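S.K.: show me the folded form of this:
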Amino acid sequence: MNYHVLCGAVFCAVASTQVTANESCVAGKVFVDCNHNQRQDAKELGIPNVRIFLEDGTYFITDIAGKYSFCGLNAQTHVLKVDKTTLPRGSQLIASSNRNAGDAQSLFLDSKNQQLIRADFIENSCSKAVLEQVKARQNPSIKKMDSVNNVQPAITFKGTSLEYEVNNPNTPAEMAKQKAR
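M.R.: Coordinates of the predicted model:
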């Protein structure tokens, strides 16, 4: 029996799962690296509400501390990809290893039987605008305007839930959704 800590936007829970001989787990975080050492130091913030996809369409959303985890990966090569529309506006991810294969928004994972794989994504701009958006996501009672353009962010997360709404739609599909409402 394996125990895993699963964290949501408001709470963490310990879950016990039976990981089969052909499965493994991935855990990681999305964080702002202000001193550019590619590690999250004590005062560097995790980025909540970032969606990360697996190649089969399965996705995870980072918790209030920017962390995520998933068990049940088959023993094979997988690809994780950050949904850049869920990053704070102005974010700049950097490669954390050669497993990014030239794209800081994706990571290749070589999953082996009953293995825990670490997969972090690093925001490297540490700009004032990005930090303000991260703090607003960590404290949903803060309503901030995007300080760079003085407009609302493209996506607004609703409280501590994982629901969001698109502001300023710029794709025909999103414009049609807005008109239909």
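S.K.: with just CA atoms, put the longest helix seen in the chain into PDB.
M.R.: The longest helix of the chain (DSSP state H) is helix 128-138. Output in PDB follows, covering the C-alpha atoms of helix 128-138 (Å, rounded to 0.1, in the frame of the first residue of the first chain):
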ATOM      1  CA  LYS A 128       6.500  42.700 -10.400                       C
ATOM      2  CA  ALA A 129       3.400  42.100 -12.500                       C
ATOM      3  CA  VAL A 130       3.900  38.300 -12.300                       C
ATOM      4  CA  LEU A 131       4.500  38.400  -8.500                       C
ATOM      5  CA  GLU A 132       1.300  40.500  -8.000                       C
ATOM      6  CA  GLN A 133      -0.800  38.000 -10.000                       C
ATOM      7  CA  VAL A 134       0.700  35.000  -8.000                       C
ATOM      8  CA  LYS A 135      -0.100  36.800  -4.700                       C
ATOM      9  CA  ALA A 136      -3.600  37.500  -5.900                       C
ATOM     10  CA  ARG A 137      -4.100  33.800  -6.800                       C
ATOM     11  CA  GLN A 138      -2.800  32.800  -3.300                       C
END
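S.K.: partners of the host helix or strand of Phe108 in the sheet?
M.R.: Using DSSP states H and E, Phe108 sits within strand 106-110. Next to strand 106-110 in the sheet, as set by DSSP bridges, lie strand 77-82 (antiparallel).
S.K.: what does the partner strand contact?
M.R.: 26, 30, 50-55, 93, 105-111, 119, 121 (C-beta atoms under 8 Å, 6 or more residues apart in numbering). C-beta coordinates here come from the backbone N, C-alpha and C atoms, glycine included.
S.K.: just the buried ones from those residues?
M.R.: 26, 30, 50-52, 54, 93, 105-109, 111, 119, 121 (16 or more other C-beta atoms under 10 Å).
S.K.: out of those, which comes closest to Ala42?
M.R.: Val30 (17.1 Å; C-beta to C-beta).
S.K.: can you name the residues bridging to the closest one?
M.R.: Phe121.
S.K.: that one: what's it in contact with?
M.R.: Val30 touches 46-47, 50, 52, 62, 66, 68, 82, 87, 120-123, counting by C-beta under 8 Å, 6+ apart.
S.K.: also Cys34?
M.R.: Lys43, Glu44, Cys126.
S.K.: most surrounded residue in those?
M.R.: Counting neighbours by other C-beta atoms under 10 Å, Glu44 comes out on top of the contacts of Cys34 with 19 neighbours.
S.K.: doesn't Phe70 make contact with Thr62?
M.R.: No - assessed by C-beta atoms under 8 Å, Thr62 is found out of contact with Phe70, at 11.7 Å.
S.K.: among the buried ones among the contacts of strand 77-82, which pair sits farthest apart?
M.R.: Leu93 and Ser111 (22.1 Å).
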